[in-house]
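Asks: Quick one, fold the following:
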Amino acid sequence: MGWLEALSGFISYLVNAYGYLGVFIVELVSTSSIFIPIPGYVATIAAGTVLNPFAVGVSAGFGAATGELTAYLLGIGGRKIVENKVRLESLRHLYKRYGLWTIYLFAATPSPFDIVGIFCGLLRIDVKVFFFMTLAGKITLRTILALTGKETLTIATELLHGQIDLLGLIFVLLMVCFMLGSFVYWTFKIEKSEKRLIT
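Replies: Numbers count the residues shown, from 1 in each chain. Here you go, the predicted structure:
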């Protein structure tokens, strides 16, 4: 538990000391570490409370998209990272259905994106196309997270003063529903595709 606290403290230090560059670095390291889950999105939410949430979304999106190149390169190298071949095949079916938008949709929602990066590398999708679609999705998601953090802080402050911003509360609830709903939706789609392949 000590290393987790140290990591959290270091992330806070980077964001507080370096602002947007710190957010970029946290997201870069977070998304490039495939096997060690580092919660970069938490830094984005926190940064949205003190910095411009749209600028946070852009810097975090660039960091996240750059970090995702690690998974893409692993796929290019042909390394056998993916143990679940059925999951890889189900992604192939989703890609055939949605095309390049599959990259954007997975990048713009809280989903296991590393497998998408590896998959795109295995398919030898143009790295510029992969990066652009990933960047667009990550900026979308990170901006939503930063705005959610800002609105959540505003609501908490107003509650302490005995007030409530109904529109802000609705926004936060909608964003939480969007995050949970999109995660459940894509998980369901992948599992459904996997079942179809197994049977």
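
Asks: helices and strands of this structure: which one bottoms out on pLDDT?
Replies: Here the helix or strand of the chain ranked lowest by mean pLDDT, DSSP states H and E is helix 166-198, holding a mean of 64.

Asks: any low-confidence regions in this structure?
Replies: Judged against pLDDT under 70, the low-scoring parts of the chain cover residues 1-11, 34-39, 78-91, 153-169, 171-172, 179-199.

Asks: Which parts of the protein are helices?
Replies: Taking DSSP state H, the helices of the chain run over residues 2-32, 40-50, 53-67, 69-76, 85-98, 101-107, 113-122, 127-160, 166-198.

Asks: need the contact list for residue 25.
Replies: 14, 18, 63 (Cβ atoms under 8 Å, 6 or more residues apart in numbering). C-betas here are computed from N, CA, C, even on glycine.

Asks: Which among those residues count as buried?
Replies: Buried members of the contacts of residue 25, scored by 16 or more other Cβ atoms under 10 Å, are 14, 63.

Asks: I figured residue 137 was touching residue 108, is that so?
Replies: Yes. Proximity of residue 137 to residue 108 meets the contact threshold set by Cβ atoms under 8 Å, at 3.8 Å.

Asks: picking that back up, so can I have CSV of the contacts of residue 25 showing distance to residue 104?
Replies: Shown next, in CSV, are those (distance: Cβ to Cβ, whole Å):
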residue, distance to residue 104
14, 28
18, 29
63, 17
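
Asks: Tell me the one among the contacts of residue 25 nearest to residue 40.
Replies: Using Cβ to Cβ, residue 63 comes nearest to residue 40 of those, at 7.5 Å.

Asks: for that closest one, what are its contacts?
Replies: Taking Cβ under 8 Å, 6+ apart, one finds 23, 24, 25, 26, 27, 28, 30, 31, 40 in contact with residue 63.

Asks: most surrounded residue in those residues?
Replies: For the contacts of residue 63, counting by other Cβ atoms under 10 Å, the largest number of neighbours falls to residue 23: 32 neighbours.

Asks: Roughly how far does that one sit from residue 137?
Replies: Counting by Cβ to Cβ, to the nearest Å, the gap from residue 23 to residue 137 is 17 Å.

Asks: ditto for residue 118
Replies: 16 Å.

Asks: wait, residue 12 sits on residue 46?
Replies: Yes. Using Cβ under 8 Å, residue 12 is in contact with residue 46, at 7.4 Å.
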